[in-house]
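I'd like to go over a predicted model; first the sequence, then the structure.
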Amino acid sequence: MTTRYRVAGTDDFTDDSDRIICEVDGLEIGVFYVDGEYYALANYCVHQGAPLCEGQVTGEMAVDDNWEWQYDHDPCVVTCPWHEWKFDLETGVNISDERYVTPTFETEVEDGAVYVLR
């Protein structure tokens, strides 16, 4: 059974790339607002238990068709503040090794409130 938890108002997110870390049903979850979308993932790095959601949110460098480096906003990743492991905000997958995944949660927005489904 899925339960919907109100975690914040949309106006609690002050700007793009903002986040709120909260407790939902005994689990600490980071809710991110990036480019008009909300993402939620466990505030726990699967590497050594660091507070993952306290890390920097960025895109990544990628090589284009001409073999030149370019900054790509997709995927949007959060970088673990302890050992710099990077996880895709949407999927929770480590961008260097798909074996490592942090749990993600569906979000909903209704009447100016942001909800996490768990």
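Yes, it's here. Residues are numbered from 1 along each chain as shown.

contacts, neighbours, all on C-alpha from now
Noted.

number of residues surrounding Met61?
Taking other CA atoms under 10 Å as the neighbour definition, Met61 ends up with a count of 13.

secondary structure class for it?
Reduced to three states with DSSP: H, G, I helix; E, B strand; the rest coil, the structure at Met61 is strand.

in the chain, which spans are strands?
Remark: strands of the chain, listed N- to C-terminal, are 4-9, 18-24, 27-34, 37-42, 57-63, 69-79, 86-88, 104-105, 107-110, 113-117; assignment by DSSP state E.

and the angle from the last one to strand 37-42?
For strand 113-117 against strand 37-42, the angle by axes from the mean of the first three to the mean of the last three CA atoms, to 10 degrees is 40 degrees.

now strand 113-117, how far from the centre of its chain.
The gap between where strand 113-117 is centred and where its chain is centred comes out at 14 Å by CA atoms, centre = their mean, to the nearest Å.

how about it: buried residues?
Neighbour-count burial for strand 113-117 flags Val114, Tyr115, Val116, Leu117 (criterion: 16 or more other CA atoms under 10 Å).

how near is the residue in the chain sticking out farthest from the centre to Glu110?
Each residue of the chain has a distance to the centre, and by CA atoms, centre = their mean the biggest one is for Asn66: 30.5 Å. As defined by CA to CA, to the nearest Å, Asn66 lies at a distance of 44 Å from Glu110.
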